[in-house]
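**Student:** Return a 3D structure for these sequence lines:
(2 chains)
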Amino acid sequence: SAVISQKPSRDICQRGTSLTIQCQVDSQVTMMFWYRQQPGQSLTLIATANQGSEATYESGFVIDKFPISRPNLTFSTLTVSNMSPEDSSIYLCSAPIENTDTQYFGPGTRLTVL
Amino acid sequence: AQSVTQPDIHITVSEGASLELRCNYSYGATPYLFWYVQSPGQGLQLLLKYFSGDTLVQGIKGFEAEFKRSQSSFNLRKPSVHWSDAAEYFCAVGDELTFGTGTRLTIIP
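**Tutor:** Sure thing, here's the model as predicted:
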């Protein structure tokens, strides 16, 4: 199975600041996804990140709040901007690994905003 | 639009007992179906998946699931649970995953 890592694993941040989460895949992938899992909730797709193009955001999520970078086929970042306590969640990246038809997930970044 | 329903928010099972977690889906075509498990403080791990073919799918950790098109269901089963199975279980559908709300499994001695 593929290995997907995220940094940081957790963070506690102040209101109004921004945090950038990194996601690294150990193989080249075409698509990467970012999800949010609010406390006690299921996963909600934030956006799809393709290398070489703008990320595609789901309804309710905007680029100004969640800017995404995808500089190459193994790496992506998600920034949570101007944070408020409502942004406290686990943020997970995932990628469908080529020739497996399966989406693998990173371990998640647990964000707490005070 | 595709959707997934997991009717049971929380299930408690005795260790060694059998388990069935329910999942119903809504999808326009033959669905891709998945079960993931999330242990406390961990990311999601794929248990099993169904794309086509045999409707009874075997997964890791002794889990299996059966695709029933007539019932739009993909229930997860295990004949005998272990204390280490305590976790949150998510059913998902589609190639761009839509997740259910999850079922939290508690195991009692």
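
**Student:** Across the sheet, point out what pairs with the spatially most central residue of chain A.
**Tutor:** Closest to where the C-alpha atoms of chain A average out (Cα atoms, centre = their mean) is residue A:34, at 3.5 Å. With DSSP bridges as the criterion, residue A:34 is bridged to residue A:47, residue A:93.

**Student:** ok, it to residue B:57 distance?
**Tutor:** Separation of residue A:34 from residue B:57 (Cβ to Cβ, to the nearest Å): 28 Å. Glycine gets a C-beta too; all of them are placed from N, C-alpha and C.

**Student:** Let me see the contact set for residue B:67.
**Tutor:** Contact partners of residue B:67, counting by Cβ atoms under 8 Å, 6 or more residues apart in numbering or on different chains, are B:33, B:50, B:55-57, B:73-74.

**Student:** Which of those residues ranks first by neighbour count?
**Tutor:** Counting neighbours by other Cβ atoms under 10 Å in any protein chain shown, residue B:74 leads the contacts of residue B:67 with 28 neighbours.

**Student:** Could you report the separation of it from residue B:24?
**Tutor:** For residue B:74, the distance to residue B:24 - Cβ to Cβ - is 8 Å.

**Student:** Ok, residue A:69 next?
**Tutor:** 37 Å.

**Student:** Check what pLDDT the residue nearest to the centre of chain A gets.
**Tutor:** Looking at residue A:34, its pLDDT is 97.

**Student:** List the contacts of the lowest-mean-pLDDT helix or strand in chain A.
**Tutor:** Ranking every helix and strand in chain A by mean pLDDT, DSSP states H and E puts strand A:102-105 at the bottom, with a mean of 86. Strand A:102-105 is contacted from outside by A:1-2, A:4, A:33, A:92-97, B:34, B:36, B:43-46, B:49, B:97, using Cβ under 8 Å, 6+ apart.
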